[in-house]
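S.K.: let me see the structure of the following:
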Amino acid sequence: MSGIYGLSRNPMYLGVIGMLLAIAIYVGTFPFYFACLAYFIVINFIFCPYEENKLSKTFGEPYNSYRIKVRRWL
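M.R.: Below is the predicted model of the structure:
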C-alpha cells in the first residue's frame, strides 16, 4: 500500500484515462471525449470487477482489506 498503489488500485488504467483526456482536450472534438468516456466505462464496469474478483479469490482477506483502504480510482 505504498507509493502509487496507496492512492489508486488501478494506476495504469488511470494513466491511460489521463492521456486520453489530455488528447481530447488538446484536439477538442467530440469523438476524442467519447473515446475517453467509452474506455472508462469498459474498464470500470467490465475489467475492474473481473480483476477484483480474481484477486479476491487468489489473495483473500489481505486483498479485501486493501480494497477497503484504497479507492479504485482516486
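S.K.: helix or strand right after the helix ranked longest in the chain?
M.R.: If each helix of the chain is counted by residues according to DSSP state H, the longest one is helix 11-27. With elements assigned by DSSP states H and E, the helix or strand that comes after helix 11-27 is helix 30-42.
S.K.: who are the packing partners of that next one?
M.R.: If contacts are counted by 3 or more CB pairs under 8 Å, 6 or more residues apart in numbering; DSSP states H and E, helix 30-42 sits against helix 11-27. For every residue, glycine as well, the C-beta is placed using N, CA and C.
S.K.: so the helix it packs on versus helix 30-42, what angle?
M.R.: Orientation note: helix 11-27 sits at an angle of 170 degrees relative to helix 30-42 (axes from the mean of the first three to the mean of the last three CA atoms, to 10 degrees).
S.K.: and the longest helix of the chain, what's buried?
M.R.: For helix 11-27, burial by neighbour count (16 or more other CB atoms under 10 Å) applies to Tyr13, Leu14, Ile17, Leu20, Leu21, Ala24.
S.K.: who does that helix touch, helix- and strand-wise?
M.R.: Against helix 11-27 (3+ CB pairs under 8 Å, 6+ apart) you get helix 30-42.
S.K.: I'd like the mean pLDDT over the helix or strand just after the helix it packs on, please.
M.R.: Remark: after helix 30-42, the chain's next helix or strand is helix 48-59, criterion DSSP H and E. Helix 48-59 carries an average pLDDT of 97.
S.K.: now tell me what touches helix 48-59 from outside.
M.R.: The set of residues external to helix 48-59 that reach it, using CB atoms under 8 Å, 6 or more residues apart in numbering, is Arg9, Asn10, Tyr13, Tyr63, Asn64, Arg67, Arg72.
S.K.: can I get it in CSV, CA atoms only?
M.R.: Output of helix 48-59 as CSV, limited to C-alpha atoms (Å, rounded to 0.1, in the frame of the first residue of the first chain):
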residue,chain,number,x,y,z
CYS,A,48,-12.0,-3.9,-12.9
PRO,A,49,-14.8,-6.1,-11.4
TYR,A,50,-13.4,-9.1,-13.1
GLU,A,51,-9.9,-8.5,-11.9
GLU,A,52,-11.0,-7.6,-8.4
ASN,A,53,-13.0,-10.9,-8.1
LYS,A,54,-9.9,-12.9,-9.3
LEU,A,55,-7.6,-11.0,-6.9
SER,A,56,-10.1,-11.6,-4.1
LYS,A,57,-10.2,-15.3,-4.7
THR,A,58,-6.4,-15.5,-5.1
PHE,A,59,-5.3,-13.4,-2.1
